[in-house]
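Student: please find the sequence and the predicted model below.
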Amino acid sequence: MGEFTVVQSIWIQVSLERAWQAVTEGDQLTMWYSPGSPWDVLELSPGAAVYFHHSPNEYHEGTGVVTLQATIEAVESLERFALRWEFSVPDSEMITTFLTAEEGDGTRVTITETGYESEEQAKPTEEGYAMSLENLKAYLEGHELPY
């Protein structure tokens, strides 16, 4: 199992409740996380299934949609939403966590992802999450998405 964790964070001038909705509701994740790649969050409770249909775009190569399945690991309302990804690789454990916290007159949103063997392996994800969070900020503040 990997020892390296990706961490990306951004401050957004939006209420905590609004940021929480954007990181936990499938239709909203679809708008900013990787635009054009639908999310299905069937139920917001630990043990429930989540599906991310990663579609090809200028940032994600490929010719078809790749559907990834996760299980909700934790839901702490207005604070923490964690997903454990289901992979066919033995001993592979990757957990993505969305954290939301009030900060000043806005909200800090942080994405962490564990399960990388090295910083080099994690670098593309780190760059991708930086872009996703810029999209989230634009989405919530009513601007055009940069990515």
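Tutor: Sure, I can see it. Numbering: from 1, shown residues only.
Student: residue 118 contacts residue 4, correct?
Tutor: Yes. Using CB atoms under 8 Å, residue 118 is in contact with residue 4, at 5.9 Å. The way it works is simple: take the backbone N, C-alpha and C, and place the C-beta from them, glycine included.
Student: SS state for residue 130?
Tutor: On the three-state scheme (DSSP: H, G, I helix; E, B strand; the rest coil), residue 130 is labelled helix.
Student: go on, residue 27?
Tutor: helix.
Student: what about it, neighbour count?
Tutor: Number of residues near residue 27 (other CB atoms under 10 Å) recorded here: 12.
Student: got the buried residues for stretch 41-55?
Tutor: 41, 50, 52, 54, 55 (16 or more other CB atoms under 10 Å).
Student: any idea how far residue 73 lies from residue 114?
Tutor: 11 Å (CB to CB, to the nearest Å).
Student: the two: which is more packed in?
Tutor: The neighbour comparison of residue 73 against residue 114 (other CB under 10 Å) goes to residue 114, with 19 against 16.
Student: paired strands for the helix or strand that one falls within, with orientation please.
Tutor: Taking DSSP states H and E as the definition, residue 114 sits inside strand 106-116. Here strand 106-116 has these sheet partners by DSSP bridges: strand 4-12 (antiparallel), strand 95-103 (antiparallel).
Student: now the last one: average pLDDT?
Tutor: When you say that, I think you mean strand 95-103. For strand 95-103, the mean per-residue pLDDT is 98.
Student: ok, and what's touching that strand?
Tutor: 11, 16, 19-20, 23-24, 70, 73-74, 78-85, 107-115 (CB atoms under 8 Å, 6 or more residues apart in numbering).
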